[in-house]
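>>> Fold the stuff below for me.
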Amino acid sequence: MNTDIWQVIADIGIELHPDRVNAIADKIAGLSSVDEFYKASSGFGPAANKPMMNALEKAWKKDPGVSPLELAAALRGASGTASIMEKREAVEMVWTGPFTGLVASRHTEQVLLEVIGSARWRLFIVSFVAYNIDSVKKALQDAVGRNVKIDILLESSKAHGGKIDIDSIDAFKKAIPSANVYAWNSESKSSDRWTGAVHAKCAVADGSFAFITSANLTRAAMENNMELGVLVRGGDLPDRLDRHLEALIKSKLVERV
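The predicted structure follows:
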């Protein structure tokens, strides 16, 4: 097998959701040779990533001795290996503010953009407030172009029962029209003594990367304030956080606005 096809298979395993890879592998397994690739590709759907499928067909044609069953198995193996690697936990400290030069850390904006850029099918972001963050907005727009499903939970403005003067929700809906923007349900956030606020700040990509931080989505938080966070790759925490945020939606504790 030539190196081109190995590389393409590895890229597909890393970049596409396992369910998508398995669906592609199922269709390829039913072919008789690479000459019938067009039969399978017509059923891959828009989420299959057309450039990658074109690269796969081109690489396979260079190595036509690879059977459809072998190719399908290689795709499933690459996807399975990528999933296992994503589950291995690694934690990094993230810091914005005075730099001592004595302790290594990564910058808040750098890590946030990495998490957004790593998302292949799902991204959930939570912040108290959001404004004046062109780099983040551009990264989110790029994610939309990759067919990433984006959910954003923000604190409501005072005009809508929240605690901030700025209407971050309206701004995000205009900047990223395809995103699902949520607010804390007004009935569940209030008690007899106080009204709560969305004060959590995090970003979760594909249930595999979780950035938990003190930083809001603001230019001051990205550049000027002292902000501390952790980036967690793999392990159980990103998936648990992703499922918890999804449960807030399903239980209607947060509502789409």
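
>>> got a list of what Gly161 touches?
Ser186, Thr195 (Cβ atoms under 8 Å, 6 or more residues apart in numbering). Where you see a C-beta, it was placed from the backbone N, CA and C, and this is true even at glycine.

>>> what do you get for the one 3 residues further on?
By Cβ under 8 Å, 6+ apart, the contact set of Ile164 is Phe128, Val129, Glu155, Ser156, Ser157, Lys158.

>>> what pairs with it across the strands?
Ser157 (DSSP bridges).

>>> mind listing what's buried in the helix or strand of the chain with the lowest mean pLDDT?
The weakest-scoring helix or strand in the chain, judged by mean pLDDT, DSSP states H and E, is helix 37-41 (a mean of 80). By neighbour count with 16 or more other Cβ atoms under 10 Å, helix 37-41 contains the buried residues Phe37, Ala40, Ser41.

>>> Ok, stretch 84-101 next?
Glu86, Val94, Trp95, Thr96.

>>> element containing the third one?
This points to Trp95. strand 90-96 (DSSP states H and E).

>>> other SSEs contacting that strand?
For strand 90-96, the packing partners by 3 or more Cβ pairs under 8 Å, 6 or more residues apart in numbering; DSSP states H and E come out as helix 108-118, helix 219-223, strand 227-233.

>>> and Ile14, helix, strand or coil?
helix (DSSP: H, G, I helix; E, B strand; the rest coil).

>>> swap in the one 5 residues further on?
Of the three states, Asp19 takes helix according to three-state DSSP.

>>> mind listing the strands for this structure?
Ranges of strands in the chain, per DSSP state E, are 90-96, 122-127, 130-131, 149-154, 180-184, 202-205, 209-213, 217-218, 227-233, 254-256.

>>> between the fourth one and strand 180-184, how big is the angle?
If I follow you right, that is strand 149-154. 30 degrees (axes from the mean of the first three to the mean of the last three Cα atoms, to 10 degrees).

>>> coming back round to it: possible to save the buried residues of helix 37-41 as a markdown table with distance to Leu31?
Output for the buried residues of helix 37-41, formatted as a markdown table (distance: Cβ to Cβ, whole Å):
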| residue | distance to Leu31 |
| --- | --- |
| Phe37 | 7 |
| Ala40 | 6 |
| Ser41 | 10 |
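
>>> on that earlier part again, export the helices and strands packed on strand 90-96 as a markdown table, with columns for distance to Lys252, mean pLDDT and mean neighbour count.
Compiled in a markdown table, the helices and strands packed on strand 90-96 are given as follows (distance: least, Cβ to Cβ, whole Å; pLDDT from 0 to 100; neighbours: other Cβ atoms under 10 Å):
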| stretch | distance to Lys252 | mean pLDDT | mean neighbour count |
| --- | --- | --- | --- |
| helix 108-118 | 27 | 95 | 20 |
| helix 219-223 | 30 | 91 | 18 |
| strand 227-233 | 28 | 95 | 20 |
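
>>> Tell me which of those sits nearest to Gly65.
helix 108-118 (35.1 Å; Cβ to Cβ).

>>> give me the number of residues near Lys137?
16 (other Cβ atoms under 10 Å).

>>> quick thing: my sequence starts at 518, can you match it?
That works, and once the first residue is 518, the last one we named lands at Lys654.

>>> if you skip the residues just before and after it, what's nearest to it?
Of all residues not flanking Lys654 in the chain, Ala692 sits nearest, at 5.1 Å (Cβ to Cβ, 6 or more residues apart in numbering).
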